[in-house]
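Colleague: Predicted model and sequence follow; I will ask about them next.
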Amino acid sequence: MTEDADPRLALLLALADDELIIGHRHAEWTGWAPHIEEDLAFSSIAQDELAHARLLYGLVGAMTGQGEDELAFGRAPAEYRNAVLCERPNRDWGYSIARQYLYDTADAVRLAALVHSAWKELADVVALMRLEERYHLEHARAWFQRMAGGASATARDRLATGLTAAVGEAMAVFEPIAGEEALVQEGVLPRPSEDLLSQWIAEIGAELEAASLDFVLERHASLGELVPTGSGEMQGETALAPPGIGHREGRWVHDGGFVGAGGRRGRHSDDFEPLWEEMTSLYRAHPGARW
Amino acid sequence: MPVWEVLGRRTEGDPFAVVGGVKAPDAEMALLLARETHFRHKEGVSYGVRRRGEGHIHEGTWPANELGGVTDRSYRRQEGYVGVGAQMKRVHRELAARGLVVRGPTPPSTRSSRDDVDD
Amino acid sequence: MTYDERVAEFKAGIDAGRKVEAGDWMPDEYRQAALKFIEMHANSEVMGALPEGTWIPRAPTLKRKLSLTAKVQDEVGHGQILYRVAEDIGKTREQMFDDLVNGRTKFHNVFHYPAETWGDVAYIGFLIDGAALVNQKALLDASYMPYVRAMRRICPEESLHLRHGEQLVLELVSGSDAQRKLFQDAVNRWWQPTMHFFGPPSKQKDMLIYWGIKTRTNESLRQEFFTTYVPKLWDLGITVPDPGLAWNEERGEWDWTQPDWDEFWRVVKGDGPMTHIRLAQRKTVWDTHAWVREVFAGIPEQPAA
């Protein structure tokens, strides 16, 4: 892939691969969710994400000539640009809900910016996606409130555990795109990733604080050195370490920048390869087949 | 766990009719779940829930055109499968031409549709 | 009126085509028969989600990943509708689910088997759904109206699934030799469970038919299945692994070989190839997510015993 030569491709693949991989994980709950009506509700979220991936792969295909299935199933693992958050297994419902909440609140922040993109085709697709993402936010907050709310101490504990496990990787949804400065200058990406990260941390920080769950942020210690984000350079072999999280002047903020390379550079966790293997094996076993 | 009746209006101007039920802790969650369980195939233009034994209908706020999603949903609607019958006939003809069709007596009701591809 | 007199009057009504609503008086036998039948149907929908569900992560195109997810979502939806009907007869959904995962209640034989390949996904989507639709159309005439209304909602969705399944089959049989083989192999493995699905030749006194909950015999439904699907399979060059299957013009019905009914009984009593593992997995999710039920009931959680 030559998306490093074209930051627009890098942006599209980050968005599309996030939606594909998280849609893939969400869809694994279909038939298994712990409440039968919720099984249906969550499956719709999974289908939305997969449908959004299709729209975004369509934009990629317009640039590269590749079909949506070739893009979704025909690439090598290092070519996928999704955030590591998306590829993690579902564990239990507490983790899955925590991850859905963190992912969809982060997605909402970036889509709110991208709907003003100077790239009209992308802005149009984003506008459509936002209508469905509204449901995802409603769903996440409905569960968040009821799990945090005290009807069940176990539920609150499961939510806190899930949030603690996921929040660091959720920050990496905002790992800078390769060549991001050019996108910001052109208005394709109206605001830099670091800006979006800032906004998201402030928003969820306030919500967590209101639910007395801000301790999950405090547990997220700062691991990275204070280096600027958005440098766009390969960080070599180090795995991605996100910024720390602090609280200053009444606001939740990130401390420092991303160090190392993560999903946006094609560097994934140990969980990605088994996912990729399962997701792509039938497609790869019958090249060119129609299904 | 409380049961909530799910109500819907199929088209504008219809009265609310009971279309099913969901189990949920409160009206807000009942509305969210009712929407996805009973209206994701665009079965109506408006929806509501009513707790069993109560009279008050809590009405849903999502507009009709957004019920069931706005991106391409043809894969779960009839329009996604228009042409399957024609495809069956076409595939049958191709396979018959390759000599692969299995022969054997069948009930009278099935015969006419099979005869037109005899080689 | 004595209880027996009321039962006789009720039975006469059923025979004359009278329909029963949820709040009507009904004999204990009728109530129990309806509950057991509908509960098993609901169980079957949620267990039916599992064989195909294992192929959602492996679907070979985005369109099929979506359509398969939607289809399995619909199966769960059918379970939701049917559990609601059963619940109103008098057993909570929590109790029904607890009984299911602990192996105390039954579900249809076909959902005790693995979906080994995409050929199986196509088979299930076309022929198992086809068999289910034959059964479900007959249930539209059942005496218990809440069940009939549920069938009226389920049948159109099932018809959509059938067309989807047909599409999957058509792509395989008109594809590569390897794809044709995928489907033929699936037919060879699934044919006997499909024969089992319609049940053994009907007993002299079938209580479900007596009460009008079922309106047609097992054999008549199986014959309808043969007539609908065997010519289609043959038209696609697919053979059925029963050398005794043939249309008998004289008798006006299909001859076929009785399958091994011992296997059928073993499977539905809980010893199919996938029964234990699927129920164990469901039980694990059920047991470890009691907190979800507490949140939904709004009841403060009791400490674990």
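Modeller: On my side now, so go ahead.
Colleague: where in the stretch 151-291 of chain A is pLDDT low?
Modeller: Across the stretch 151-291 of chain A, the ranges flagged by pLDDT under 70 are A:221-237.
Colleague: how about the residues of it near chain B?
Modeller: Where the stretch 151-291 of chain A comes near chain B, counting by Cβ under 8 Å from any Cβ of the partner chain, the residues are residue A:151. No exception for glycine: its C-beta is placed from N, CA and C like everyone else's.
Colleague: all strands for the stretch 151-291 of chain A, in order.
Modeller: In the stretch 151-291 of chain A, the strands defined using DSSP state E, counting those that start in this stretch lie at A:244-248, A:251-255.
Colleague: Can I get the first one in PDB? Just the C-alpha atoms.
Modeller: Think strand A:244-248. The C-alpha trace of strand A:244-248 is given here as PDB (Å, rounded to 0.1, in the frame of the first residue of the first chain):
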ATOM      1  CA  GLY A 244      -1.100  10.200  30.400                       C
ATOM      2  CA  ILE A 245      -4.300  11.900  31.700                       C
ATOM      3  CA  GLY A 246      -4.300  14.600  34.300                       C
ATOM      4  CA  HIS A 247      -6.800  17.100  35.800                       C
ATOM      5  CA  ARG A 248      -6.000  20.800  35.700                       C
END
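Colleague: what packs against it?
Modeller: helix A:193-210, helix A:215-218, strand A:251-255 (3 or more Cβ pairs under 8 Å, 6 or more residues apart in numbering or on different chains; DSSP states H and E).
Colleague: Residue of chain B closest to chain C, please.
Modeller: Nearest to chain C in chain B, going by Cβ to the nearest Cβ, is residue B:100, at a distance of 3.4 Å.
Colleague: check contacts around that residue.
Modeller: Going by Cβ atoms under 8 Å, 6 or more residues apart in numbering or on different chains, residue B:100 touches residue C:237.
Colleague: Return the helix or strand in chain B with minimum mean pLDDT.
Modeller: Using mean pLDDT, DSSP states H and E, the weakest-scoring helix or strand in chain B turns out to be helix B:108-115, at a mean of 70.
Colleague: typo on my end, it should be chain C
Modeller: In chain C, the helix or strand scored least confidently by mean pLDDT, DSSP H and E is helix C:290-297, which has a mean of 91.
Colleague: TSV please, covering the strands of the stretch 151-291 of chain A and showing mean neighbour count and distance to residue C:154.
Modeller: TSV is the format used below for these (neighbours: other Cβ atoms under 10 Å in any protein chain shown; distance: least, Cβ to Cβ, whole Å):
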stretch	mean neighbour count	distance to residue C:154
strand A:244-248	16	49
strand A:251-255	17	48
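Colleague: To residue A:208, which of the ones you listed lies closest?
Modeller: Minimum separation from residue A:208 across these (Cβ to Cβ) falls at strand A:251-255, 8.1 Å.
Colleague: what ranges do the helices span in the stretch 1-150 of chain A?
Modeller: Assigned by DSSP state H, counting those that start in this stretch, the helices in the stretch 1-150 of chain A fall at A:7-27, A:36-64, A:68-73, A:84-87, A:93-114, A:120-148.
Colleague: Export these as CSV, with columns for distance to residue C:146.
Modeller: Shown next, in CSV, are these (distance: least, Cβ to Cβ, whole Å):
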stretch, distance to residue C:146
helix A:7-27, 31
helix A:36-64, 18
helix A:68-73, 43
helix A:84-87, 42
helix A:93-114, 31
helix A:120-148, 29
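Colleague: quick one, which of the ones you listed is nearest to chain B?
Modeller: Comparing those by their distance to chain B (Cβ to the nearest Cβ), the top pick is helix A:36-64, with 4.1 Å.
Colleague: Give me the buried positions along the closest one.
Modeller: The neighbour-count check on helix A:36-64 (16 or more other Cβ atoms under 10 Å in any protein chain shown) flags A:36-60, A:64 as buried.
Colleague: now, which of these lie close to chain C?
Modeller: When Cβ under 8 Å from any Cβ is applied, the members of those adjacent to chain C are A:36-37, A:39-40, A:43-44, A:46-47, A:50-51, A:53-54, A:57.
Colleague: what's the farthest-apart pair in those?
Modeller: Spatial extent of those (Cβ to Cβ) is set by the pair A:36 and A:57 at 32.2 Å.
Colleague: give me the residue from chain C nearest chain B.
Modeller: residue C:237 (3.4 Å).
Colleague: Any idea how many residues pack against the residue nearest to residue A:99 when sequence neighbours are not counted?
Modeller: Take residue A:99 and drop its neighbours on the chain: the residue closest to it by Cβ to Cβ, 6 or more residues apart in numbering or on different chains is residue A:166, 4.8 Å away. Applying other Cβ atoms under 10 Å in any protein chain shown, we find 22 residues neighbouring residue A:166.
Colleague: contacting residues for residue A:166?
Modeller: A:85, A:88, A:95, A:98-99, A:102.
Colleague: Could you single out the nearest of those to residue A:284?
Modeller: Comparing those against residue A:284 with Cβ to Cβ picks out residue A:88 as the nearest, at 23.3 Å.
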